[in-house]
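>>> Next come a sequence and a model predicted from it.
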Amino acid sequence: MNQAEQIETSEQRTVSVELISEIQQFLYREARLLDGEHLHEWLELLTEDIHYWVPGVQARYRNDDARFSAKRMAFFDDDLEYLKIRVARAKQPSAWAEDPPTRHFHMVSNIEVETTDNPREWTVHSLILSNRHRTEDDEMEMKARRVDLIRRDENGALKLARRKVTLLQTVLQAKNINTFL
Amino acid sequence: MKIASKINDMVDAEEGYIDRRIFWDDSIYSLELERVFARCWIFVAHDSQLPQIGDFLTTTIGEDAVIVSRGEDGKIHTFLNSCSHRGNRVCFAEVGKTRRFTCNFHGWSYGLDGSLKSVSRPQSYNGKSNFDKGQLGLHQARVESYKGMHFACFDPDAPSLEEYLGDFRWYLDVILDNDEGGIEFIDGNIKSRLKCNWKFPAENFVGDSYHAPWTHSSALIAMFGKQPTMRPDRSYHANANGHGWEFGLDFIGNAATLNSPQILEYLREQEAKFAERLGKVRSRMVASLSSANVFPNLSFLAGHNTFRTWNPKGPKETELHTWVFLNANAPEELKEEYRRGVMLTFSPAGVFEMDDGENFENCTSVNAGVVTRRQKLHAAMGLDSRIEHEELKGNVHQSQINEANQRAFYQRWADLMSAETWADVPVR
């Protein structure tokens, strides 16, 4: 099942307050790791089969059914190998543009948990506001809607298995994305 | 035109000095829109992006918003995205398919060639109203193409695209014509804004291989554990009319960073065919360590297979559009390899491009200082590196670690900026 089908077939069933709270805490912790650039620890939150997707967003007319395509260019369309390459680059001492470090702020909200056909997996909707500051006055802001698939692994820990991040900007208002969303 | 008369003093291509005001001053920027962007051939679309009648995309030429569409005649048309009545945009989508571009304001409706087809309440124009549909189409640009790449130009006096590209066509064939099927673009593009003058990234692609081992050290070490080998004796700067390509003859140096054994395998399988089509020397450029720019703002990387345009949004801001292409005859599965490989390396989140924006932005913003702005920039590497090469065309310089192409880029810029008309612009 691809990511889109998985998301569409999820039904609304009751989810316990404890589980919602656990998933919220998982997402907040993830955001804090990204804020602190603890990227190796962030990688630990991902499943081996992670698909991390930030598609390019296009302004198309309402009657145009091709608003998204998996084959179109994307900011990220990554498996674990690609994500590890990005982290390895960010952590090099010669990543000049990361020093002094970027001051990050990842705010997560509107968290909504839905069950899936798999009792160990949940579809989780959220909004994210990423704010980055560099030098004295360089500020970059990204806002996005996320749809995650969160899975409980064999050890009982929550892991991120799929993420689709839909940016609100069709033209990224930033020179780069030196973080994850 | 006080500024125009001073332009030649701002670019000293012989000694290799550049005046920083060209990256900052509003008056210079305004003249640039007139004399560079409204005068040159600007890339607008590849043929494969608009395969069918009615396919369109929107983009800019300088700061002029344009629609690029495939007309009923099957040809590519480019015209202003601004209604002849009150000037509102007539198309708000960045890409799509349509029969008409209709203004939201009063319902004026234009065809795929920009001609005015109808207006709402046409009877209101009965009587004296100077209303002549034939005169009220959207303002057209000339469109000419080279091997599938469509360029548009707003200057009726500009030379043909062929003359404008000059000897650089011979180099463009390395990517556009190394296979009988030519190239195709992968669907979609990535757009981003940098707070930099558009010339910093354009000159970076036209010749700056010098920055690669230093700026991109983090990505090179993360992916390969070492720096690439650039050989001065087997690498070059070549330019013609301000277009330039810095390159080695290492065949696959750029492609090797895409993290795809399938791409390297394809290139190696095709190498003999490339050589048959292009000759031995150019075949070694197909995916080699290199970068290039078609004046003014169309950059590309052979091997990575990415085109990009640097669209000015004021002297201190640039909108980057990035595409991926591949040989149309390449195996279908390579599309994914190129698409993902460019995303990993040369897109705003790519491990190489990540560090470039920071440099371009800070090279621009420091010029807020008036004393800073008075200090000229040094661009004098390789002043004595010009050679005659028996095969390579245009102006050829030994070693890709060089600034010859950057000087040629700025010389062409100065030629255009100080010329009253195209007749005053020398062939370089």
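Okay, I see it. Numbers count the residues shown, from 1 in each chain, chains lettered A, B, ... in the order given.
>>> Tell me where the model's unsure across the chain.
Went with chain A since none was named. Scanning chain A for pLDDT under 70 picks out A:1-12.
>>> not quite, I wanted chain B
Within chain B, the segments meeting pLDDT under 70 span B:1.
>>> Go ahead and flag the most central residue of it.
Central residue of chain B (Cα atoms, centre = their mean): residue B:298, 0.6 Å from the mean position.
>>> can you give me the helices for the chain?
Answering for chain A, as no chain was given. Secondary structure of chain A (DSSP state H): helices located at A:3-9, A:17-35, A:39-43, A:80-90.
>>> Chain B was what I was after
Ranges of helices within chain B are B:2-10, B:26-32, B:161-165, B:168-176, B:199-207, B:212-215, B:217-224, B:261-278, B:280-283, B:333-345, B:353-365, B:370-374, B:404-418, based on DSSP H.
>>> what's the spacing between the residue of chain A found nearest chain B and residue B:168?
Distances from chain A to chain B, computed as Cβ to the nearest Cβ, single out residue A:175 as the nearest residue at 2.9 Å. From N, CA and C alone the C-beta is placed, and that goes for glycine too. When Cβ to Cβ, to the nearest Å is the yardstick, residue A:175 and residue B:168 sit 29 Å from each other.
>>> if you count what's nearby, which of the two comes out ahead?
Just comparing residue A:175 and residue B:168: by other Cβ atoms under 10 Å in any protein chain shown the higher neighbour count belongs to residue A:175, 27 against 24.
>>> give me the beta-bridge partners of the residue nearest to the centre of chain B?
Counting by DSSP bridges, residue B:298 forms beta bridges with residue B:294, residue B:309.
>>> Who are the contact partners of it?
Residues in contact with residue B:298 (Cβ atoms under 8 Å, 6 or more residues apart in numbering or on different chains) are B:42-43, B:307-309.
>>> List buried members of the residues you listed by neighbour count.
Those of these that meet the buried threshold are B:42-43, B:307-309, by 16 or more other Cβ atoms under 10 Å in any protein chain shown.
>>> Would you reformat those as TSV and include distance to residue B:207?
Putting the buried ones among the contacts of residue B:298 into TSV (distance: Cβ to Cβ, whole Å) gives the following:
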residue	distance to residue B:207
B:42	20
B:43	19
B:307	17
B:308	16
B:309	18
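>>> Go through those and name the one nearest residue A:179.
The nearest member of these to residue A:179, counting by Cβ to Cβ, is residue B:308 at 22.4 Å.
>>> for residue 60, what are its contacts?
Unless you meant another one, I'm taking chain A. Under the criterion of Cβ under 8 Å, 6+ apart, the contact partners of residue A:60 comprise A:66-67, B:93-96.
>>> wait, chain B
B:66, B:311, B:319.
>>> Leaving out chain neighbours, which residue sits closest to the residue of chain A closest to chain B?
Closest residue to residue A:175 apart from its sequence neighbours, by Cβ to Cβ, 6 or more residues apart in numbering or on different chains: residue B:357 at 2.9 Å.
>>> With residue B:403 instead?
In space, and not counting its chain neighbours, residue B:403 is closest to residue B:381: 4.1 Å by Cβ to Cβ, 6+ apart.
>>> Around chain A, pick out the residues from the stretch 251-400 of chain B.
Counting by Cβ under 8 Å from any Cβ of the partner chain, the residues of the stretch 251-400 of chain B close to chain A are B:259, B:319, B:322-324, B:335-336, B:339-340, B:342-344, B:347-349, B:351, B:353-355, B:357-362.
>>> Now, of these, which are buried?
B:259, B:319, B:322-324, B:335, B:339-340, B:342-344, B:347-349, B:351, B:353-355, B:357-362.
>>> Next up, phi/psi of the residue of chain A closest to chain B, please.
Residue A:175 adopts backbone torsions of phi -70, psi -20, taken as degrees, to the nearest 10.
>>> so what's the closest residue to residue B:49 other than its chain neighbours bridging to?
Using Cβ to Cβ, 6+ apart and skipping residues adjacent in sequence, the residue nearest residue B:49 is residue B:185, 5.3 Å away. The bridge-partner assignment for residue B:185, based on DSSP bridges, gives residue B:325.
>>> Residue B:297 and chain A, how far apart?
Counting by Cβ to the nearest Cβ, to the nearest Å, the separation of residue B:297 from chain A is 16 Å.
>>> Quick one: neighbours of residue 154, just the number.
Chain wasn't specified; assuming chain A. Burial of residue A:154, expressed as a neighbour count using other Cβ under 10 Å, amounts to 6.
>>> The intended chain is chain B.
By the criterion of other Cβ under 10 Å, residue B:154 has 21 neighbours.
>>> That one touches residue B:78, doesn't it?
No - judged on Cβ atoms under 8 Å, residue B:154 makes no contact with residue B:78 at a distance of 9.1 Å.
>>> What residue in the chain is the furthest from its centre?
If you meant another chain, say so; for now it's chain A. Counting by Cα atoms, centre = their mean, the extreme residue of chain A relative to its mean C-alpha position is residue A:63, 28.5 Å from that point.
>>> Sorry, I should have been clearer: chain B.
Each residue of chain B has a distance to the centre, and by Cα atoms, centre = their mean the biggest one is for residue B:127: 48.2 Å.
>>> For chain A, which segments count as strands?
Taking DSSP state E to define them, one finds strands in chain A at A:46-55, A:74-78, A:103-115, A:121-134, A:138-152, A:158-167, A:171-172.
>>> Tabulate these (TSV), appending mean neighbour count and distance to residue B:331.
Below are the strands of chain A laid out as TSV (neighbours: other Cβ atoms under 10 Å in any protein chain shown; distance: least, Cβ to Cβ, whole Å):
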stretch	mean neighbour count	distance to residue B:331
strand A:46-55	18	23
strand A:74-78	23	19
strand A:103-115	15	39
strand A:121-134	18	35
strand A:138-152	18	31
strand A:158-167	20	28
strand A:171-172	21	31
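>>> is it possible to export those strands to CSV including distance to residue B:291?
Formatted as CSV, the entries for the strands of chain A read as follows, by distance: least, Cβ to Cβ, whole Å:
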stretch, distance to residue B:291
strand A:46-55, 26
strand A:74-78, 22
strand A:103-115, 31
strand A:121-134, 26
strand A:138-152, 26
strand A:158-167, 28
strand A:171-172, 22
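>>> Nearest to residue B:226, out of the ones you listed?
Distances from residue B:226 to each of these were compared using Cβ to Cβ; the minimum, 24.1 Å, belongs to strand A:74-78.
>>> Would the closest one count as contacting chain B?
Yes - Strand A:74-78 comes into contact with chain B (Cβ under 8 Å from any Cβ), by way of A:74-78.
>>> can you list contacts of that strand?
Contacts to strand A:74-78, defined as Cβ under 8 Å, 6+ apart, come from residues A:50-56, A:70, A:82, A:86, A:165, A:167, A:172, A:177, A:180, B:190, B:339-340, B:343-344, B:347-349.
>>> what sits against the residue lying closest to residue B:89 once chain neighbours are set aside?
Using Cβ to Cβ, 6+ apart and skipping the chain neighbours, the partner closest in space to residue B:89 is residue B:81 (5.3 Å). Contact partners of residue B:81, counting by Cβ under 8 Å, 6+ apart, are B:58, B:65-67, B:89-91, B:101, B:138.
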